[in-house]
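> Requesting a structural model of the entry that follows:
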Amino acid sequence: MSLGLSAGVTIVAGSSDLMYVEDDISEDTTWTAAGGPYRIAADVTVEKGTTLRIEPGAVVQSAEDITIAVEGNLTAEGTASEPVTFTTAPQAPAEIRWASIEYDGASDSRLSLSHVTIERATNGITVASGAGKIALSETTVRNVERNGIRVADTSNTPKITVEDSAFAEIGERAVALTPGTGTVRESDVAAQSNDLGEQTMHRATATFVADVTMDSFRVGYRGHGNASGVKRGSIKRLGIDTDGDERVDRSLKPAVRTVGHPGSNAFRIRFNRSVTVPAGATLVAIYGGVTNPETYGTYPVAVSFERAGVEQTAGTRIPFDIYSSAGQRFGSEDAKPSRTGRLSITGTTFDAIGDRGVFVAADAARRLLNRRELVRRRARNRRRGPRRASRFGRPRRKRHLRAR
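Numbers count the residues shown, from 1 in each chain. Purely as a prediction, here's the structure:
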């Protein structure tokens, strides 16, 4: 283990009170208060199998848009009087933000923060892996442009525990779990078959330049073709492609509530909750039951994305060329549904939050209980008495019989 100095840490001439970190951390390393402040001048990764320990009073100052990625372990243990601080340089303008602590660990990885302050970031902590554990205790996340903790780009969540912490001055959400999120940048409609007047499968895609949240979207063929055959059961694939590889990374099929028809040449999919497509991601819908037009040509297809009946983007018109788009093979398997349920938040305060304190959006989520509900449930179980095994091997409650 190295103390203060490590691979990627350089003392800059004339700046003996600063440690500039410019390379990835490839060996176990400890940062101390006396050895810093640590100025992060380039994106840094704590590599897999490596542990970075940060001791009380240490200050980590990141440059604009810098990410501290954790593939191994990061343990920051401050004290009430000497917290560990993640921030920008003191001379940086108020509008300058460093990016985030990005957790992308394996099953044996840990991100553990105790008596830590995270401030002046775009997102405090970004979670891109469903493995390992994240624990925050007596930690303050404040003055963050977007989210305090954001889970995205993964179909599951790791175990996340937040205890006796505080979120303040958060631009959007304090804790946002959207495992998997404007204006439409690119869009396309294609047919699997170009047979005129025949029912076939179509694929519609839309890529956004900003986050778009919707509870329904509508596809209208504008006076040509027929979409009345599109039903809930004819949706073969529906979800979000987060990395542009034309595969669905987060399925939205479990969130479909109804498929309706404003007219014979249009259909609307309604979700049972709000769905967010991130900036740069693509919404993919592959559906059967569409009847092609009777003549070849290029036809306009209108697509709208709505939330509470209000369109969330400018009107989108997609040119549909039935002849040139046909003959493509459309897959029919969706990605595994995203799941969340290993989140515990206790004794934590939320102040000056732009949107919501805690936001969860996944295909499957276990019920989240607050501390009062947990205490009440445990007390109820104690009153019911001990459990004993039944003749089938399953535990059952002991029955108390009253004399008649």
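> Does residue 236 touch residue 288 like I think?
Yes: because the distance of 6.5 Å satisfies CB atoms under 8 Å, residue 236 is recorded as touching residue 288. Where you see a C-beta, it was placed from the backbone N, CA and C, and this is true even at glycine.
> Helices of the chain, start to end?
With helices called from DSSP state H, the chain shows them at 322-325, 371-383.
> shared neighbours, residue 236 and residue 288?
Shared contacts of residue 236 and residue 288 (CB atoms under 8 Å, 6 or more residues apart in numbering): residue 201.
> residue ranges with poor pLDDT in the stretch 301-404 of the chain?
Along the stretch 301-404 of the chain, the parts satisfying pLDDT under 70 run over 314-315, 322-341, 361-404.
> now the stretch 1-150 of the chain
Applying pLDDT under 70 to the predicted model, the residue ranges of the stretch 1-150 of the chain that meet it are 1-16.
> 90 - rerun?
Across the stretch 1-150 of the chain, the ranges flagged by pLDDT under 90 are 1-17, 36, 94, 128-130.
> what's the answer for the stretch 151-300 of the chain, then?
Regions of the stretch 151-300 of the chain meeting the criterion pLDDT under 90 cover residues 151-158, 172, 176-198, 200, 206-213, 220-227, 242-249, 262-265, 279-280, 292-300.
> Wait, residue 36 touches residue 58, no?
Yes: between residue 36 and residue 58 a contact is recorded at 5.3 Å, counting by CB under 8 Å.
> Those two - which one has more neighbours?
Neighbours per residue (other CB atoms under 10 Å) separate residue 36 from residue 58, with residue 58 holding more: 27 against 22.
> Pop the domain breakdown of this protein in here.
By the record's domain assignment, the chain is partitioned as 2-177, 184-325 (automatic domain parsing).
> Present these as JSON lines; the columns should include distance to residue 345.
Output for those, formatted as JSON lines (distance: least, CB to CB, whole Å):
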{"stretch": "domain 2-177", "distance to residue 345": "5"}
{"stretch": "domain 184-325", "distance to residue 345": "20"}
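> quick one, which of these is packed in tightest?
For the domains of the chain, the stretch with the most neighbours on average is domain 2-177, a mean of 20; neighbours defined as mean count of other CB atoms under 10 Å.
> Go ahead and measure how far that one is from the middle of the chain.
Centre-to-centre, domain 2-177 and its host chain are 18 Å apart (CA atoms, centre = their mean, to the nearest Å).
> Nearest to residue 350 among the domains of the chain would be which one?
The closest of the domains of the chain to residue 350 is domain 2-177. By CB to CB, the value is 5.1 Å.
> Skip the chain neighbours and tell me the closest residue to residue 49.
Nearest in space to residue 49, with sequence neighbours left out and distances taken as CB to CB, 6 or more residues apart in numbering, is residue 72 at 5.5 Å.
> looking at it, that neighbour is touching residue 53, isn't it?
No: taking CB under 8 Å as the definition, residue 72 is not a contact partner of residue 53, at 11.4 Å.
> Leaving out chain neighbours, which residue sits closest to residue 164?
According to CB to CB, 6+ apart, the nearest residue to residue 164 is residue 347 (4.2 Å).
> Can you show me the CA trace of stretch 42-62 as CSV?
As requested, the backbone C-alpha atoms of stretch 42-62 are provided in CSV (Å, rounded to 0.1, in the frame of the first residue of the first chain):
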residue,chain,number,x,y,z
ALA,A,42,-8.3,13.9,-15.9
ASP,A,43,-10.9,11.1,-15.6
VAL,A,44,-9.7,8.6,-13.1
THR,A,45,-10.6,4.9,-12.6
VAL,A,46,-10.1,2.9,-9.4
GLU,A,47,-9.4,-0.3,-11.2
LYS,A,48,-10.9,-3.7,-10.5
GLY,A,49,-9.3,-5.4,-7.5
THR,A,50,-7.9,-2.1,-6.3
THR,A,51,-8.9,-0.1,-3.2
LEU,A,52,-8.7,3.6,-2.7
ARG,A,53,-9.0,4.7,0.9
ILE,A,54,-9.5,8.3,1.8
GLU,A,55,-8.8,9.4,5.4
PRO,A,56,-10.5,12.1,7.5
GLY,A,57,-10.0,15.7,6.4
ALA,A,58,-8.9,14.8,2.9
VAL,A,59,-10.1,17.1,0.1
VAL,A,60,-10.6,15.9,-3.5
GLN,A,61,-10.9,18.7,-6.1
SER,A,62,-12.1,17.6,-9.6
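> quick one: contacts for residue 124?
Neighbouring residues of residue 124 by CB under 8 Å, 6+ apart: 100, 101, 118, 141, 144, 147, 148, 149.
> circling back: quick check: the residue nearest to residue 49 vs residue 282, distance?
Between residue 72 and residue 282 the computed distance is 32 Å (CB to CB, to the nearest Å).
> same thing with residue 68?
In this view, residue 68 and residue 282 are 28 Å apart by CB to CB.
> How about residue 163?
Applying CB to CB, one obtains 38 Å for the distance of residue 163 from residue 282.
> same thing with residue 130?
Between residue 130 and residue 282 the distance, using CB to CB, works out to 21 Å.
> Ok, residue 271 next?
17 Å.
> now residue 75
Note on residue 75: its distance to residue 282, by CB to CB, is 37 Å.
> correct me, but residue 278 touches residue 211?
Yes: if you go by CB under 8 Å, residue 278 and residue 211 touch, sitting 5.6 Å apart.
> longest single strand anywhere in this protein?
Using DSSP state E, we find that the single longest strand of the chain is strand 266-277.
> CA atoms only: put it into CSV for me.
What follows is the C-alpha trace of strand 266-277 in CSV, where atoms were taken according to Å, rounded to 0.1, in the frame of the first residue of the first chain:
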residue,chain,number,x,y,z
ALA,A,266,-53.2,5.2,-35.7
PHE,A,267,-52.6,3.5,-32.3
ARG,A,268,-51.6,4.8,-28.9
ILE,A,269,-49.7,2.8,-26.2
ARG,A,270,-50.4,3.8,-22.6
PHE,A,271,-48.0,2.9,-19.8
ASN,A,272,-49.0,2.1,-16.2
ARG,A,273,-46.5,4.6,-15.0
SER,A,274,-44.3,7.4,-16.4
VAL,A,275,-41.3,6.2,-18.4
THR,A,276,-38.1,8.2,-19.0
VAL,A,277,-35.9,7.8,-22.1
